[in-house]
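Colleague: what would the 3D arrangement of this be:
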Amino acid sequence: MSVASNEPVLKAVIPAAGLGTRFLPASKAIPKEMLPVVDKPAIQYVVEEAARAGIDDVLMITGRNKAALEDHFDRHWELEAALERKLDDEKLRRVRKSADLGNVHFVRQGEPLGLGHAVLCAKAHVGNAPFAVLLGDDLIDETDSLLQDMIAARMRHGGSVVALMEVPQDQIHLYGCAAVEPIDGETDVVRVTSMVEKPAAADAPSNLAVIGRYVLDPSIFDVLETTAPGRGGEIQLTDALLTQATSDQPGGGVLGVIFRGNRYDTGDRLDYMKAVVRLAVRHGEIGSDFREWLLEWAGSDECNGLEQHQLTH
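Modeller: Numbering: from 1, shown residues only. Next up, the predicted model:
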């Protein structure tokens, strides 16, 4: 395990090059990261999370047809001017917020060669410093401090850090899975001894799934450059982290921070809709009214009779 490091984590990488095929046809012309979750695109929640952790330098790894991401985090002078003329300060604040979160940069992945390859595309931008990786499918509630806790764990112990979450055994095959051992003096911080990508339930070393938050030592780039394609013919970040977990080289070692807070999965259509509802009922402006309507509708004849009137698409 690396020695403790007081290097600050000042940069974040957000892979956003996927085609979003699970959301077709909605994602045919609109990046899936721009699909709204209540009143903000999903990607904005992720950048806001980085900003809360003190990170104001964000690199998005994109692909073709992702120009809307760049537009969203840029200033929209015409719209701002129109809102200023109308003296609509509240909408003006909302429009400007995405551009004021920090310095957001963009680079194209080029080929869809996996998450590990996407992270490797950030090497020139990140340089020789620790950095965070945030996947857009996992939204972490703004009241939780997962990323801050991961950065603090790295500063105490060094190495790289992954976020872990307990999941039912029949769902572990959907995730990377970690084998862990305790660390003296720590409660929800563990040492990762092994990792398996999407194991069968019978082969899983634990019920701790790797969710989409990482704080990585820059030595991960050297490992990724020599990591052969794995599952699906892609360069897997999990494979590189497995190498790091058993490495005694500088920067080696992997920690896990066990997350027990609120996570919203926007990875497929059903979980996306659940995330929208959960965040809508917590919304500061519309939450109370929406929750009241939702409870009323759930007991209505319309809701209870839907099985006879399923819509097909």
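Colleague: now the helices for the stretch 101-250 of the chain?
Modeller: For the stretch 101-250 of the chain, applying DSSP state H, counting those that start in this stretch gives helices covering 115-120, 123-126, 146-157, 220-225, 237-245.
Colleague: tally of neighbours for A50?
Modeller: A50 sits with 23 neighbouring residues when counted by other Cβ atoms under 10 Å. Every C-beta, even on glycine, is put in place using the N, C-alpha and C of the backbone.
Colleague: list the contacts for it?
Modeller: A12, I14, D56, V58, L101, G102, A132, L134, L147 (Cβ atoms under 8 Å, 6 or more residues apart in numbering).
Colleague: would you mark the buried spots in the helix or strand where it lies?
Modeller: Using DSSP states H and E, A50 maps to helix 42-52. For helix 42-52, a neighbour-count test (16 or more other Cβ atoms under 10 Å) marks A42, I43, Q44, Y45, V46, V47, E48, E49, A50, A51 as buried.
Colleague: which of those residues sits closest to L139?
Modeller: Comparing the buried residues of helix 42-52 against L139 with Cβ to Cβ places Y45 closest, at 4.8 Å.
Colleague: ok so, going back, redo the buried residues of helix 42-52 as CSV? Include distance to R282 and pLDDT.
Modeller: Listed next are these as CSV, based on distance: Cβ to Cβ, whole Å; pLDDT from 0 to 100:
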residue, distance to R282, pLDDT
A42, 16, 94
I43, 19, 95
Q44, 16, 96
Y45, 12, 96
V46, 17, 96
V47, 19, 96
E48, 15, 96
E49, 15, 96
A50, 20, 97
A51, 19, 96
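Colleague: what ranges does the chain have for its strands?
Modeller: Along the chain, counting by DSSP state E, strands occupy 11-15, 36-37, 40-41, 57-62, 103-108, 131-134, 138-140, 160-166, 176-182, 189-197, 208-216, 254-258, 263-265.
Colleague: let me have those in a markdown table, extended by distance to M273, mean neighbour count and mean pLDDT.
Modeller: As requested, these are exported to a markdown table (distance: least, Cβ to Cβ, whole Å; neighbours: other Cβ atoms under 10 Å; pLDDT from 0 to 100):
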| stretch | distance to M273 | mean neighbour count | mean pLDDT |
| --- | --- | --- | --- |
| strand 11-15 | 23 | 26 | 97 |
| strand 36-37 | 10 | 15 | 94 |
| strand 40-41 | 16 | 18 | 94 |
| strand 57-62 | 25 | 22 | 96 |
| strand 103-108 | 28 | 15 | 94 |
| strand 131-134 | 22 | 24 | 98 |
| strand 138-140 | 13 | 23 | 93 |
| strand 160-166 | 21 | 24 | 96 |
| strand 176-182 | 25 | 19 | 92 |
| strand 189-197 | 27 | 20 | 91 |
| strand 208-216 | 19 | 24 | 95 |
| strand 254-258 | 27 | 25 | 96 |
| strand 263-265 | 11 | 18 | 91 |
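Colleague: how about CSV for those strands, with distance to C303 added?
Modeller: As requested, the strands of the chain are exported to CSV (distance: least, Cβ to Cβ, whole Å):
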stretch, distance to C303
strand 11-15, 37
strand 36-37, 22
strand 40-41, 27
strand 57-62, 39
strand 103-108, 41
strand 131-134, 36
strand 138-140, 26
strand 160-166, 31
strand 176-182, 37
strand 189-197, 39
strand 208-216, 32
strand 254-258, 37
strand 263-265, 23
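Colleague: closest one to D74 among the ones you listed?
Modeller: Closest among these, using Cβ to Cβ: strand 103-108, at 8.5 Å.
Colleague: give me the angle between the closest one and strand 11-15.
Modeller: 40 degrees (axes from the mean of the first three to the mean of the last three Cα atoms, to 10 degrees).
Colleague: need the residues that contact strand 103-108.
Modeller: In contact with strand 103-108 (Cβ under 8 Å, 6+ apart) are residues 17, 47, 56-64, 66, 69-70, 73, 121-122, 125.
Colleague: where does pLDDT dip in the stretch 1-150 of the chain?
Modeller: 1-5 (pLDDT under 70).
Colleague: mind redoing it with 50?
Modeller: 1 (pLDDT under 50).
Colleague: tell me which residue is most central in this structure.
Modeller: Geometric centre of the chain, nearest residue: L135, 2.6 Å, by Cα atoms, centre = their mean.
Colleague: quick revisit: so which of the contacts of A50 comes closest to E225?
Modeller: Using Cβ to Cβ, those come closest to E225 at A132, 20.2 Å.
Colleague: measure that closest one to R75 for me?
Modeller: 25 Å (Cβ to Cβ, to the nearest Å).
Colleague: returning to that earlier point: and the strands of the chain: which comes nearest R93?
Modeller: Closest among those, once you apply Cβ to Cβ, is strand 40-41, at 12.9 Å.
Colleague: just to revisit the earlier point, could you dump the buried residues of helix 42-52 into TSV with distance to G267 added?
Modeller: TSV is the format used below for the buried residues of helix 42-52 (distance: Cβ to Cβ, whole Å):
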residue	distance to G267
A42	10
I43	14
Q44	17
Y45	14
V46	13
V47	18
E48	19
E49	17
A50	19
A51	23
